[in-house]
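Colleague: Build the 3D model from these lines:
(one chain, ligands or ions: 1)
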Amino acid sequence: MRLGTGGIVHPDAERDGVGDTPCVCCGKATRGERWVHLAGYGGQFVTEDEPVDETEDLGWFPIGPECAKKLPAGYVSSGA
Ligand SMILES: [Zn+2]
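Modeller: Numbering: from 1, shown residues only. Got it, this is the predicted structure:
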């Protein structure tokens, strides 16, 4: 199931400068311990086990612990 980001994806999230792993939501530095998968136009959260076509796969992004709490279970990966 897709979950719209509702505009919470931070505009600076893809920028460098906040360490290597700025939170995708707020742009604050993270330790890279939690990750979310984004896909589709504008970016939507997808659950860990949802297959995503590579043409719309935006990749995995780091998310901070506080922002991760706002997402339902299944959307946040502890990484590998
Ligand atoms: Zn955040």
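Colleague: For the ion, see how far away G32 is.
Modeller: G32 sits 13 Å away from the ion when distances are taken as C-beta to the ion, to the nearest Å. Any C-beta I mention is one placed from the backbone N, CA and C, and that applies to glycine too.
Colleague: So that residue sits against D20, correct?
Modeller: Yes. At 7.1 Å, G32 and D20 qualify as touching, with contact defined as C-beta atoms under 8 Å.
Colleague: And the residue nearest in space to the middle of the chain, how close does it get to the ion?
Modeller: Geometric centre of the chain, nearest residue: V36, 3.4 Å, by C-alpha atoms, centre = their mean. In this structure, V36 and the ion are separated by 10 Å, where distance is defined by C-beta to the ion.
Colleague: And the contacts of the one helix or strand in the chain whose mean pLDDT sits lowest?
Modeller: Lowest by mean pLDDT, DSSP states H and E among the helices and strands of the chain is strand 2-4, with a mean of 80. Contacts of strand 2-4 with the rest of the structure, by C-beta atoms under 8 Å, 6 or more residues apart in numbering, involve A39, G40, Q44, F45, V46, E50, L71, P72, Y75.
Colleague: Given that strand, what are its sheet partners and their directions?
Modeller: Strand 2-4 has these partner strands in its sheet, going by DSSP bridges: strand 44-46 (antiparallel).
Colleague: How far away from the center of its chain is the partner strand?
Modeller: For strand 44-46, the separation from the chain centroid amounts to 8 Å (computed by C-alpha atoms, centre = their mean, to the nearest Å).
Colleague: In PDB, could you pull the C-alpha coordinates for the following helix or strand past that strand?
Modeller: Where DSSP states H and E defines the elements, the next helix or strand beyond strand 44-46 is strand 57-62. What follows is strand 57-62 as a C-alpha-only set of coordinates in PDB (Å, rounded to 0.1, in the frame of the first residue of the first chain):
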ATOM      1  CA  ASP A  57      11.700   3.600  -7.900                       C
ATOM      2  CA  LEU A  58      13.100   6.700  -6.100                       C
ATOM      3  CA  GLY A  59      15.300   4.600  -3.800                       C
ATOM      4  CA  TRP A  60      15.800   4.400   0.000                       C
ATOM      5  CA  PHE A  61      16.100   7.500   2.100                       C
ATOM      6  CA  PRO A  62      17.200   7.900   5.700                       C
END
